[in-house]
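>>> how would this look folded up:
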Amino acid sequence: MSKPAAALLLTLCTAASAQDVAEPQTGVRFAARRGSETLLGVGLRVKKVAFVKAKICVVALYVGDAALAGPLAAHKGKTRTPEFFKDLVWGDFDKALTLHFVRNLGRDQIRNGMREALAGRADAKLLEQFVGYFPELKDGQECTVRWRPGGPLEVTMVGEARPPIGDKAFAAAIFGLYLGDRPVQADIKQGLVSRAAEALAGH
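Numbering: from 1, shown residues only. Have a look, this model is predicted:
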């Protein structure tokens, strides 16, 4: 490869990596933009296991650009308010949570963990349907839950689509797990909107 070509390749790679956002404790990277969606932030899910805090997964929140220019625009300059978080949980617009797992987890481990986290937050029957989608997970695998205007909740597990769940309240319970009044971790809630002010200012 010639020197000019190598320099161009290096420039292109650097530009591409600049468009990624890394979770600082794990180095897991997410694209700042994904199609017509913008990354609002990332957070690290940890869980105490035998007196040690184990890293479980990195969570990323994406929101459709139409929502940033539309229903969420009223929150410019006010991205830490209860009203903003309520709209992220209940709003009827394109939004998605991606969970990037950073450790191997047995099927029962992840299913019981989800049951515990969502207990009392969601319809029990739908909760069992949802947790049943989780297989044994390996470090680096991902799960994405997505809501589109009018629903349903779409679930993609390790690249495979699962049967959608057509219940707005259940979808709100999933998003509320990380963004609601009782988040599973307070720092995840704040991390998931760490880029929101910037994203809203750009629309």
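>>> which residue is the nearest non-sequential neighbour of residue 155?
Distances taken as Cβ to Cβ, 6 or more residues apart in numbering place residue 162 nearest to residue 155, at 4.3 Å, with adjacent residues excluded. All C-beta spots, glycine's among them, are computed from the backbone N, C-alpha and C.
>>> who are the contact partners of that neighbour?
By Cβ atoms under 8 Å, 6 or more residues apart in numbering, the contact list for residue 162 reads 133, 155-156.
>>> number of residues surrounding the closest residue to residue 81 other than its chain neighbours?
Ranked by Cβ to Cβ, 6+ apart and with sequence neighbours excluded, the top spatial neighbour of residue 81 is residue 75, at 7.1 Å. If you count neighbours by other Cβ atoms under 10 Å, residue 75 ends up with 20.
>>> cool, and residue 161?
11.
>>> same check on the one 4 residues further on?
Residue 165 is surrounded by 22 other residues when neighbours are defined as other Cβ under 10 Å.
>>> hmm, residue 127 and it touching each other?
No - applying Cβ atoms under 8 Å, one finds residue 165 not in contact with residue 127, separated by 10.0 Å.
>>> who's residue 31 bridged to?
Taking DSSP bridges as the rule, residue 31 bridges to residue 20.
>>> so how far is residue 127 from it?
30 Å (Cβ to Cβ, to the nearest Å).
>>> higher neighbour count, these two?
Each of residue 31 and residue 127 has its neighbours counted (other Cβ under 10 Å); residue 127 has more, 20 against 15.
>>> for that one, what are phi and psi?
Main-chain dihedrals, residue 127, degrees, to the nearest 10: phi -60, psi -40.
>>> quick one, what contacts it?
114-115, 118, 170.
>>> show me where this protein has its helices.
Along the chain, counting by DSSP state H, helices occupy 3-18, 65-69, 82-90, 107-118, 124-131, 168-179, 186-191, 196-201.
>>> report the mean confidence score over stretch 131-142.
For stretch 131-142, the mean per-residue pLDDT is 97.
>>> can I get that stretch in CSV, CA atoms only?
Once non-C-alpha atoms are left out, stretch 131-142 reads as follows in CSV (Å, rounded to 0.1, in the frame of the first residue of the first chain):
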residue,chain,number,x,y,z
VAL,A,131,-37.6,-13.5,30.0
GLY,A,132,-38.2,-16.7,28.0
TYR,A,133,-36.5,-14.9,25.0
PHE,A,134,-33.1,-14.9,26.8
PRO,A,135,-30.8,-17.7,25.9
GLU,A,136,-27.4,-18.5,27.5
LEU,A,137,-25.4,-15.4,26.7
LYS,A,138,-21.7,-14.9,25.8
ASP,A,139,-19.4,-11.9,26.3
GLY,A,140,-20.0,-9.6,23.4
GLN,A,141,-23.6,-10.7,22.5
GLU,A,142,-26.4,-8.1,22.4
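>>> what does it rub up against?
For stretch 131-142, contacts defined as Cβ under 8 Å, 6+ apart pick out 98-107, 110-111, 114-115, 118, 143, 155, 157-159, 162.
>>> thanks a lot, catch you later.
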